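Asks: my questions are about this predicted structure, shown below with the sequence.
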Amino acid sequence: MKRLLCIVAVVVAALGTGAVATASQGAATPFKATYNGTPGATWTCAGAHVVNRVSVKDSERCVISGDTTGYVAGTYSGSPLGFLPPYGISDWISDYDGTIASSWMITVTDNGDGTFTLDIVAYYS
């Protein structure tokens, strides 16, 4: 019985370790970007560019300050084109390397102080 428990513990440990190792594979490169969006608006962004065996993606957060006229809270997506106010129909271009995303989702939050926060996840094929 003791031997059986030992074997079960080894198998469980091996399976658990394998799952963790698979989930954590990939290289993440942090990046920052600041640029002008619409006239008078400044985007200040920070995120990570993640490459693994199955995907390449950017996950980032941007704060938009200045003239935020036309920005609207909500969740927007595209593949590769989608609607994003105030830009209308648009694609998403990586702040890491300028690649056009094959799909993206952006959640826009009105911070109530004249600024907006964008949470962005974009995939590249």
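Replies: Cool, the structure landed.

Asks: CA atoms for contacts and neighbours, from now on please.
Replies: OK.

Asks: show me where this structure has helices.
Replies: 2-23 (DSSP state H).

Asks: please name the nearest non-neighbouring residue to residue 91.
Replies: residue 81 (4.6 Å; CA to CA, 6 or more residues apart in numbering).

Asks: let me fix that, I meant to ask about residue 58.
Replies: Nearest one to residue 58, counting by CA to CA, 6+ apart, is residue 49 at 4.5 Å.

Asks: do I have it right that residue 124 meets residue 96?
Replies: No - between residue 124 and residue 96 no contact is recorded; they are 11.6 Å apart, counting by CA atoms under 8 Å.

Asks: is it correct that residue 93 is in contact with residue 99?
Replies: Yes - counting by CA under 8 Å, residue 93 does reach residue 99; the two are 5.5 Å apart.

Asks: out of those two, which sits in the more crowded spot?
Replies: More neighbours surround residue 93 than the other of residue 93 and residue 99, with 16 against 13 (other CA atoms under 10 Å).
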